[in-house]
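Q: below are the sequence and a predicted model for it; my questions follow.
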Amino acid sequence: GESVGLHLPTLSVQEGDNSIINCAYSNSASDYFIWYKQESGKGPQFIIDIRSNMDKRQGQRVTVLLNKTVKHLSLQIAATQPGDSAVYFCAESFDDSWGKFQFGAGTQVVVTP
Amino acid sequence: DTEVTQTPKHLVMGMTNKKSLKCEQHMGHRAMYWYKQKAKKPPELMFVYSYEKLSINESVPSRFSPECPNSSLLNLHLHALQPEDSALYLCASSQQRTSGRNEQFFGPGTRLTVL
């Protein structure tokens, strides 16, 4: 969902469970997507990326799925750990040489013991 | 070295002050970016420099003045700011898109408070 005012959508996950974070992107011409993790007081940190010629990409404990038909991106985190608690942003990039990115609203992930 | 550094970490300034934010990277990236981030919001692009030239200005007020002295450094000069300019200012850098990967590497940000 979209953030309203000062409230970020929040996903509460129990430690050890899998997390799924969703993102609806805006531009059907976007062809490169990144998921970022931002911990409190830090800059965004790259997690995983995917190009529009793919529909799935896997990393270490993370998987990104891309559905271009409905302009939807998701990030799956396996066996969620306390260190995964952060705000997660998706970012889309248009066909631009220097990667001008549009960020989604963000999702706060809270991992409970 | 895969790090983007920013100084200072925190800055408090009055509305009549002039100050500068600094950003540095040594990854050989030829694109550098300034973003503004308010609490609980995503980063908003302000400026993009490619090959030390300003390529994108997202209609940013002139009280923010970017400068790219060389391929490793990016500055943001601040003058006559307003309290609503208080935010986290993030710097990022990336390779050229045609290199195959153009993920942006972000610095830790400067937390700016305008009184």
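A: Yep, that arrived. Numbers count the residues shown, from 1 in each chain, chains lettered A, B, ... in the order given.

Q: which residues sit in contact with the residue nearest the centre of chain B?
A: The residue lying closest to the centre of chain B (C-alpha atoms, centre = their mean) is B:W34, at 2.8 Å. Neighbour list for B:W34: B:C23, B:L45, B:M46, B:F47, B:F64, B:P66, B:L74, B:L76, B:Y89, B:L90, B:C91 [criterion: C-beta atoms under 8 Å, 6 or more residues apart in numbering or on different chains]. To be clear about C-beta, it is placed using only N, CA and C from the backbone, and glycine gets the same treatment.

Q: quick check, nearest of those to A:A29?
A: For those, the residue nearest A:A29 by C-beta to C-beta is B:L45; the value is 17.2 Å.

Q: gap between the closest residue in space to that closest one that isn't next to it in sequence and A:G104?
A: Residue nearest to B:L45 in three dimensions, not counting chain neighbours: B:E58, with 5.2 Å by C-beta to C-beta, 6 or more residues apart in numbering or on different chains. Using C-beta to C-beta, to the nearest Å, B:E58 is found at 17 Å from A:G104.

Q: hmm, back to that, now the contacts of B:W34 in TSV, with secondary structure and pLDDT?
A: Shown next, in TSV, are those (DSSP: H, G, I helix; E, B strand; the rest coil; pLDDT from 0 to 100):
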residue	secondary structure	pLDDT
B:C23	strand	98
B:L45	strand	93
B:M46	strand	96
B:F47	strand	95
B:F64	strand	98
B:P66	strand	98
B:L74	strand	98
B:L76	strand	98
B:Y89	strand	98
B:L90	strand	98
B:C91	strand	97
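
Q: tell me who's in contact with A:V87.
A: For A:V87, the contacting residues are A:L8, A:K37, A:Q38, A:E39, A:G106, A:T107, A:Q108, A:V109, by C-beta under 8 Å, 6+ apart.

Q: on that earlier part again, what about B:E58 and A:G104, which has more around it?
A: Counted by other C-beta atoms under 10 Å in any protein chain shown, B:E58 and A:G104 do not tie: A:G104 has more neighbours, with 23 against 13.

Q: next one, pLDDT for the nearest residue to the more buried one once chain neighbours are set aside please.
A: Leaving out its chain neighbours, the residue that sits closest to A:G104 by C-beta to C-beta, 6+ apart is A:C90, at 4.3 Å. If you check A:C90, the pLDDT there is 95.

Q: and what of A:K68?
A: 94.

Q: list the contacts of it.
A: Going by C-beta under 8 Å, 6+ apart, A:K68 touches A:S28, A:S52, A:D55.

Q: same check on A:N22?
A: By C-beta under 8 Å, 6+ apart, the contact list for A:N22 reads A:H72, A:L73, A:S74, A:T107.

Q: try 7 Å this time
A: Neighbour list for A:N22: A:H72, A:S74 [criterion: C-beta atoms under 7 Å, 6 or more residues apart in numbering or on different chains].

Q: also B:D85?
A: B:D85 makes contact with B:L112, B:V114 under the criterion C-beta under 7 Å, 6+ apart.

Q: and the contacts of stretch B:15-32?
A: By C-beta under 7 Å, 6+ apart, the list of residues contacting stretch B:15-32 reads A:98-99, B:1-2, B:4-7, B:11, B:13, B:48-51, B:68, B:71-82, B:89, B:91, B:93-96, B:105, B:107, B:110, B:114.

Q: what about 6 Å?
A: Residues outside stretch B:15-32 that contact it (C-beta atoms under 6 Å, 6 or more residues apart in numbering or on different chains): A:98, B:1, B:4-7, B:13, B:49-51, B:72-79, B:89, B:91, B:93-96, B:107, B:110.
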